[in-house]
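Novice: everything below, folded, please.
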Amino acid sequence: MKDVLQSVLDSCDIDRTTLSGNKCLVLVGCAVYLDGYSGIVTFSETEVELKTKRGKVMIKGEGMYLKQITKQDIIVKGKIISVTVE
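Specialist: This next block holds a predicted model:
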């Protein structure tokens, strides 16, 4: 996971943030890394909704796909337009 994340970090602008207690790394325009998600609610090339312990994270963009997924971490790649928390 670390090598994949490092290669993504090297290729994008970085905006680090915390979303309601979950660690989230928004790589402006190209990827979102979220630590502590508990499930995928919806998934398409334009919208990904992830469930966390404290709510939902909605990612909107274009050409999105799951770069890496584990029980606790997820990397969504594509042209990221927005990330919101409900």
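Novice: can you pull the pLDDT of Glu62?
Specialist: Taken from the predicted model, the pLDDT recorded for Glu62 is 95.
Novice: surely it touches Thr46?
Specialist: Yes: with contacts counted by CB atoms under 8 Å, Glu62 reaches Thr46, the gap being 6.2 Å. Glycine gets a C-beta too; all of them are placed from N, C-alpha and C.
Novice: more neighbours: the two, which one.
Specialist: When Glu62 is set against Thr46 and neighbours are counted by other CB atoms under 10 Å, the residue ahead is Thr46, at 13 against 10.
Novice: residue contacts, that one?
Specialist: Contacts for Thr46 (CB atoms under 8 Å, 6 or more residues apart in numbering) come out as 60-62, 64.
Novice: which phi and psi values does it adopt?
Specialist: The main-chain torsion angles of Thr46 are listed as degrees, to the nearest 10 and equal phi -110, psi -10.
Novice: adjacent strands (with direction) for whichever helix or strand Ile74 is part of?
Specialist: Here Ile74 sits within strand 73-85, counting by DSSP states H and E. When sheet partners are counted by DSSP bridges, strand 73-85 sits next to strand 31-35 (antiparallel), strand 55-69 (antiparallel).
Novice: any idea which of the ones you listed is most buried?
Specialist: Among the strands paired with strand 73-85, the stretch with the highest mean neighbour count (mean count of other CB atoms under 10 Å) is strand 31-35, at a mean of 22.
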